[in-house]
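Engineer: Here is the input, now give the coordinates:
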Amino acid sequence: NPDGYVDLHILATFKRMKALGATPQLIADIVHAKADQDPEEGDPALSLNPDKTQIRRTTPVPTEQSEKAKLRTIYAKGWDTTQPEPPIEQVKAVFEKFGKVNCIRLRRRKAPNQGPAIFKGSAFIEYAADDAAKAAVAAPVRLDGADA
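Structural biologist: Below is the predicted model:
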């Protein structure tokens with residue numbers, strides 16, 4: 001909408017949200033509860049509309065992500081593409097031993113006219129700190145029984 005809100009029903013349709021069992025009401029309750037607990041504890045980047053049916057960012061998306069995030073991001077490959085794509089939690093468990101993981105992006109390709117995107121066997125893992133990314137690159141990592 002023009003004010004930047006997104007309907008909570010749309011958010012609840014995202015694959016990850018469905019897997020967590022999120023409903024529009026649950027999302028609203030969690031965001032509202034965090035804000036009520038303590039303004040320091042709540043997420044100041046998110047706010048609900050007065051009806052608690054829509055959500056928006058209250059702070060802009062950080063622009064530093066482009067260049068600085070590249071320094072904290074590693075590329076990992078080696079997952080078996082004949083197997084189902086690994087859950088994000090499993091990927092995180094492998095890489096968080098080197099430091100706090102900010103984001104994991106599994107790489108997928110969409111085959112023309114062939115339904116959902118297919119996991120390519122690789123991922124980008126963004127760390128909170130450059131040192132963690134360097135440590136992950138320097139260490140031997142095993143994925144599905146193969147070196148990454």
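Engineer: Okay, the residue sitting nearest the centre point of the chain and Lys92: tell me how far apart.
Structural biologist: Residue closest to the mean C-alpha point of the chain, counted by C-alpha atoms, centre = their mean, is Cys103 at 4.9 Å. Distance of Cys103 to Lys92, given as C-beta to C-beta, to the nearest Å: 10 Å. Where C-beta positions appear, they are placed from N, C-alpha and C, glycine not excepted.
Engineer: Now do the same for the residue nearest to the centre of the chain: its pLDDT.
Structural biologist: What the model reports as pLDDT for Cys103 is 91.
Engineer: Can you verify my assumption that it contacts Glu126?
Structural biologist: Yes: at 4.3 Å, Cys103 counts as touching Glu126 under the criterion of C-beta atoms under 8 Å.
Engineer: So in the protein, which helix runs the longest?
Structural biologist: Using DSSP state H, we find that the single longest helix of the chain is helix 24-37.
Engineer: after that one comes which helix or strand?
Structural biologist: Once the chain leaves helix 24-37, the next helix or strand it forms, by DSSP states H and E, is strand 46-48.
Engineer: Sheet partners, orientation included, of that following strand?
Structural biologist: When pairing is defined by DSSP bridges, strand 46-48 lines up against strand 54-57 (antiparallel).
Engineer: Identify the residues contacting the partner strand?
Structural biologist: Strand 54-57 is contacted by residues 1, 3-8, 11, 27-28, 31, 45-49 when judged by C-beta atoms under 8 Å, 6 or more residues apart in numbering.
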